[in-house]
Every structure is written in structure tokens, then in C-alpha cells.
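>>> Next come a sequence and a model predicted from it.
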Amino acid sequence: MGNGNMASFWNDNWSGAGIVKDLYPRLYALENHKEVSVRDKLSDSSLTMSFRRHIRGGAEQVQFDALMSLVSLVNLVPSVDRWVWTLQSTSEFSVASIRKIIDGSRLKSDQSKTRWNKYVPIKTNVLAWKIKMDALPTRLNISRRGIDIQSISCPICNEGIESSHHLFFRYKYGKAACSQNLLLVVYRLRGCQFLWGVVYLDVVSPACV
């Protein structure tokens, strides 16, 4: 933070400790000028001139004491306020940095090396990798992500849960489809199953497959 002229005292995280109105909601309720800048608010050393009434005891006093401790650590400097990206050492925001954070929290980690079979099409290798990582948008995976769907049963056979295992390695209509060249890539995957080390546990009873 620079001179505090552009930062909102109550609505911006100018201290790094959090948004002030969320930290001290009872004091925010007393504020008459809720859009006051940091500079203008700190020009009043008591911090209370813009309050609609005096501080009462209890929780209000506790929050006020904490706020006074917070502002005692602030030193304004004669420069323009600017945003700082705290998740990178350069303090500058970049798409790459936020992408790395999102990927690190959402993508699965797999320690095994990626295996590539040169004897099958590229799309088959990619599909085999997705099956190994269980990254296909099957109904089972969609439900695991908290998305509300009507049913997780296979919509074609209604004899099992629609999982990657069910679709690619247990689906009893697969051979008929393959004979019509509709799912030839599926049965090429059987050759990739050993190569990729794809191991599945049934999520339904044996009677369903």
C-alpha cells in the first residue's frame, strides 16, 4: 500500500490480514462512511469520528482494540496504491501462477511414468491415459464431483454404474458395436490395458456386469 488514497478502509484487504469489515463486523455496523479510504480513516487517530455512536463494552471494545493494534502497524508512504499478488515472489499477477495453483489443488497426482504405445493411434494412447487416470466424465465421476444428476446407471444397458471400467472393459454390448466399427478403439484398449497397468475395482456386484 502507498498513500492509502485508493484503498477502501473497510472493503479492501490493505493490511494483508483480511478485509476489515469481515474482521470487525460490529465496528463496520457503526461506520457512517463505509467507502472511506484508508488515508482518510487513518487521518483520525481515534478512528471513531465517523462512527454513529461511541463504542460500548463487550465485543465492540474487543474488536476496536484489535483494530487499533492492526492500524498501529501501518505506515503510509508517498506513492500510489497498487495491487500486489502475494502468491508469487515478484508480487506481479500472471495467468501461469494462478493456473499452477489451480492445477495443484484440482489435478490428480500420479507418480508412474506416462507410457506410449507406438503401435496404436495417438487418440487411443490418450484415451488409455484418461482411463488410467479415471479422468473421463462418466456419470460416476460427475456424481463424485458433487454435480447433481438423475442417475449414475449406464443409460444404454441399465445393468451397472456408468464408470470407465463398465464402459470399456465390462460392457457386454461392446463386441456388437465393434462389429459395426463404432467402437473399434475400445477393443484396441484391451491391448493397452496391460501396457498402462490399468487396474479397476468393480463398483457394482458381479451380477451387474
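Cool, the structure landed. Residues are numbered from 1 along each chain as shown.

>>> Now the phi/psi pair for residue 44, please.
The phi/psi pair for residue 44 (degrees, to the nearest 10) reads phi -100, psi 100.

>>> what's the neighbour count on it?
Residue 44 is flanked by 12 other residues according to other Cβ atoms under 10 Å. No exception for glycine: its C-beta is placed from N, CA and C like everyone else's.

>>> my guess is it contacts residue 51, does it?
No: if you go by Cβ atoms under 8 Å, residue 44 and residue 51 don't touch, sitting 9.9 Å apart.

>>> and residue 132, how many neighbours?
21.

>>> Any idea how far the helix or strand hosting residue 127 is from the middle of the chain?
Here residue 127 sits within helix 122-132, counting by DSSP states H and E. In this view, helix 122-132 has its centroid 25 Å away from the chain centroid, taken as Cα atoms, centre = their mean, to the nearest Å.

>>> elements contacting it?
Identification of packing neighbours for helix 122-132 by 3 or more Cβ pairs under 8 Å, 6 or more residues apart in numbering; DSSP states H and E yields helix 184-196.

>>> List the contacts of the residue nearest to the spatial centre of the chain.
By Cα atoms, centre = their mean, the chain has its centre lying nearest to residue 102, at 5.7 Å. By Cβ atoms under 8 Å, 6 or more residues apart in numbering, residue 102 lies in contact with nothing.

>>> following the helix holding residue 127, which helix or strand shows up next?
That would be, after helix 122-132 and using DSSP H and E, helix 139-144.

>>> Only C-alpha atoms, please: export the next helix or strand after that next one in PDB.
With elements assigned by DSSP H and E, the helix or strand that comes after helix 139-144 is helix 164-169. Provided in PDB are the C-alpha atoms of helix 164-169 (Å, rounded to 0.1, in the frame of the first residue of the first chain):
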ATOM      1  CA  SER A 164     -14.800 -46.200 -17.100                       C
ATOM      2  CA  HIS A 165     -14.400 -49.900 -16.100                       C
ATOM      3  CA  HIS A 166     -18.000 -50.600 -17.000                       C
ATOM      4  CA  LEU A 167     -17.900 -48.900 -20.400                       C
ATOM      5  CA  PHE A 168     -14.500 -50.100 -21.600                       C
ATOM      6  CA  PHE A 169     -13.800 -53.500 -20.000                       C
END
